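Chemist: Got a predicted model here, sequence first, then my questions.
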Amino acid sequence: MPEKVKDPICGMEIKKANSINLTRGGLTYYFCSENCRQKFLKQPSVEKATVFEGKTIYTCPMHPEVRENKPKDCPKCGMPLEPVGPESGEEGDKILHFLSIRFWIGLVFASPVILFSFGEMFPAINPSHFIPYSISSWLQLILATVVVFWSGGFLFARARQSIINKNLNMFTLIALGVGAAYGYSVLAVLLPQVFPESLKMSGKIPLYFESSVFITMLVIFGQLLEARAHSRTGQAIRALAGLAAKNAHRVSYGKEEDVLIDSLRIGDLLRVRPGEKIPLDGVMIEGKSYVDESMITGEAVPVAKKPGDKVVGSTVNQTGTFLMRAEKVGSETLLSQIVNMVTEAQRSRAPIQKIADRVSGYFVPSVITVSAITFIIWFNWGPAPRMAYAFVNAIAVLIIACPCALGLATPMAVMVGVGRGARAGVLIKNADAIENAEKVTHILTDKTGTLTEGKPRVTAAIEALGQDKGQFLSMAASLEQSSEHPLGRAIVDFAKEHNLQLERVADFTSVTGEGVKGNIDGKIIAAGKEKFIQELKINIPEGLKEQAVDLQGKANTVIWLAFEGRVSGIIGISDPIKETTPGAIKALHAMGLKIVMLTGDNRLTAGVIAEKLGLDDFQAELKPENKRQIVKNFKNDGAVVMMAGDGINDAPALTEAEVGVAMGTGTDVAIESAGITLVKGDLNGIVRVLRLSRHVMKNIRQNLFFAFIYNLLGLPVAAGILYPFFGLLLSPVVAGAAMSFSSVSVIANSLRLRKLKL
């Protein structure tokens, strides 16, 4: 039967095949008619607003067509629905609290049950020495009931929903395994007389309460880890939203008043003082200043602003007071758009659990069918007592098919792999990153702070003919020590590293975007751009001019110094490439990957660095939305993208990419937005990430094999296929052992990752 959906406008249930659809913001919507589609288009963009018809909209990461107006589980896969747009974190905290309570209380009740089962392996602590079987069996029943139905009750609810919706998934398999082990054990306690003597051990019916509580606790633990990972990803959005200014100085009719950002309107005049965040996006109409726009451009060098220039909300004003006019408010500001982009990208990811769910989709009905056939055959043609044999063998089939090892296969490998990565300086936030990193074909990387160190440094100092180099540098540093510009600080740091003596400068003046000047012992000194020096009527030596052009061709910013009407020399300043970058680039190329640099820096500088490193391509002078769009374009062309960056401006691209890698030296927002963080900010960490992901995913596939091989081999035996020939039955005891052995195999295989060489 064709899949049905509901029209978001009229609510009519329609068939997808006969509907009109629309894709917007990564979500696909289906309509009964063009009229409903047009009504939908006239509403505010769903991906830019969390409210629809007065209610918050929730969707599923794996099935974006699912849309509900309240938090609940996805009717298809059973995963919790997530809000469309930024969330406050309260809903995620509730889920985390819910799972934490059920896990820790369940663990308290489950521990004695497991101890009763495995106590025989450790005679010194075996409870059966102190508690008779008649009492311990009832005690296990009571404790297991609390774990299975209180702690794990929501798992059965999801399984029930999967059956009602005819979308069998991992929760269906979990419910079957837990229910079979628990139900068999309850029957053994309440009605032991229905079991044949051949199934008894020392006159007792073996119990499998430990299997039911073990599986339940394992699954809850996995859900808890997933909820914590989701909570951390939500912190990225809240961190972005927290960057916004809270107050502003509004100027009206010549009077200035402090107001909240929410009260501002387009056209309001705002005064911004040094050190304050710019309240909203707008245009400067009076004054001059330097603005730190690193959160937008990723570049450490502040940008000179003058009347008529655009200014961006939440960037930091550094040097001067100015007046601006607000042009964008609320969700229209660049910061709000970045928040929405990060939210949308995070919502579009599919969890690694889909592997197990796909397998379960085929495995679950197969197990149920085999169990049912087993019961029918034994009930009609088995030896007496037919009912007992039919029931026991059918239960043995379900127990050996228990998803204990399947539940371990992925999280165990991921857990060990994450630990191994942490020891190598690679912090992995979620399993998605490991799964996707194995498939990466293209690495898109930021420049500043990723390929380069992110700190301007003096790379060349060339004195004019007849000048003393030490004196020339000392004068330059003396002048720049009064400047707050990063390039000036780089000159001062360079002079200090060489133990040069700095002089006192009087009458210091800064010309925005051009240079600085002052006097030492009454003698005029100036430093800045070539044009600034020329405007002071100072001749530029041709020899130095050629050398300056040469430095610029090597991605250097050139500072000219003049003293007493003559040019004393030039200083080249650049952001050096990290020492480890060239080697890492070669290693990544050797792995068959394409490397593309995305930067907000100028094209000349970017081109020089791209050529020097041998990159496959580069794009420069980019804004955050440009980077994110480029990532989307690569993905649309079939590439699997890993994005590496360290700035707030990289956050949308980091979350849009299949794998986001943040430098540990970068901003908190970049780190929260990325699935992987490199503690040392070393590009070699990406090489380690790729090696780790390939080994972890290989390990997971091996684990899935171990999780099923014993079950698949044991299923026919559990069904009784060998009984007519050899009189051999696979009792639930052996079935439980096979199930346990598959788990041991999975754990042992996963632990091999601890010794992996990265």
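Modeler: Right, received. Where do you want to start? Residues are numbered from 1 along each chain as shown.
Chemist: contacts, neighbours, all on C-alpha from now
Modeler: Will do.
Chemist: quick one: pLDDT of residue 466?
Modeler: Model confidence at residue 466, given as pLDDT, is 81.
Chemist: burial count for it?
Modeler: The local packing of residue 466 (other Cα atoms under 10 Å) involves 7 other residues.
Chemist: before we move on, what about residue 590?
Modeler: Counted with other Cα under 10 Å, the burial measure for residue 590 works out to 10 neighbours.
Chemist: just residue 587 next, same as before
Modeler: Neighbours of residue 587 using other Cα under 10 Å come to 15.
Chemist: list the helices and strands the helix or strand containing it packs on?
Modeler: Using DSSP states H and E, residue 587 maps to helix 581-590. For helix 581-590, the packing partners by 3 or more Cα pairs under 8 Å, 6 or more residues apart in numbering; DSSP states H and E come out as strand 594-598, helix 603-613, helix 684-719.
Chemist: Using PDB, list the CA coordinates for the second one.
Modeler: Translated: helix 603-613. The C-alpha atoms that make up helix 603-613 are tabulated as PDB, following Å, rounded to 0.1, in the frame of the first residue of the first chain:
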ATOM      1  CA  ARG A 603      42.300  36.200  -3.000                       C
ATOM      2  CA  LEU A 604      46.000  37.100  -3.400                       C
ATOM      3  CA  THR A 605      47.000  35.800   0.000                       C
ATOM      4  CA  ALA A 606      44.800  32.700  -0.300                       C
ATOM      5  CA  GLY A 607      46.200  31.900  -3.700                       C
ATOM      6  CA  VAL A 608      49.800  32.000  -2.500                       C
ATOM      7  CA  ILE A 609      49.000  29.700   0.400                       C
ATOM      8  CA  ALA A 610      47.000  27.300  -1.700                       C
ATOM      9  CA  GLU A 611      49.900  27.100  -4.200                       C
ATOM     10  CA  LYS A 612      52.500  26.700  -1.500                       C
ATOM     11  CA  LEU A 613      50.600  23.800   0.100                       C
END
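Chemist: can you list contacts of it?
Modeler: Outside of helix 603-613, the residues that reach it under the criterion Cα atoms under 8 Å, 6 or more residues apart in numbering are 553-556, 581-582, 585, 597, 599, 616-621.
Chemist: What of the shortest one?
Modeler: Contacts of strand 594-598 from elsewhere in the structure, counted by Cα under 8 Å, 6+ apart, are 441-447, 585, 588-589, 610, 615-620, 622, 627.
Chemist: just the helices and strands packed on helix 581-590: most buried one?
Modeler: strand 594-598 (a mean of 22; mean count of other Cα atoms under 10 Å).
Chemist: export it as PDB, just CAs?
Modeler: The C-alpha trace of strand 594-598 is given here as PDB (Å, rounded to 0.1, in the frame of the first residue of the first chain):
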ATOM      1  CA  LYS A 594      40.700  16.300  -2.400                       C
ATOM      2  CA  ILE A 595      41.600  19.300  -0.300                       C
ATOM      3  CA  VAL A 596      39.900  22.700  -0.800                       C
ATOM      4  CA  MET A 597      40.600  25.900   1.200                       C
ATOM      5  CA  LEU A 598      37.700  28.200   2.100                       C
END
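Chemist: Could you list the paired strands of that strand along with their orientation?
Modeler: Strand 594-598 has the following strand partners under DSSP bridges: strand 442-445 (parallel), strand 617-619 (parallel).
Chemist: Please tabulate those strands in a markdown table and include mean neighbour count as additional columns.
Modeler: Rendered in a markdown table, the data for those read as follows (neighbours: other Cα atoms under 10 Å):
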| stretch | mean neighbour count |
| --- | --- |
| strand 442-445 | 24 |
| strand 617-619 | 18 |
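Chemist: quick one: which of the contacts of helix 603-613 has the most company?
Modeler: Scoring these on neighbours with other Cα under 10 Å, the highest-scoring entry is residue 599 at 28 neighbours.
Chemist: The closest residue in space to that one that isn't next to it in sequence and residue 655, how far apart?
Modeler: The shortest distance from residue 599 to any residue that is not its chain neighbour, by Cα to Cα, 6 or more residues apart in numbering, is 4.9 Å, and that residue is residue 620. Counting by Cα to Cα, to the nearest Å, the separation of residue 620 from residue 655 is 20 Å.
Chemist: How about residue 366?
Modeler: In this view, residue 366 and residue 655 are 38 Å apart by Cα to Cα.
Chemist: More neighbours: which of the two?
Modeler: Counted by other Cα under 10 Å, residue 366 and residue 655 do not tie: residue 655 has more neighbours, with 31 against 12.
Chemist: Brilliant, that's me finished.
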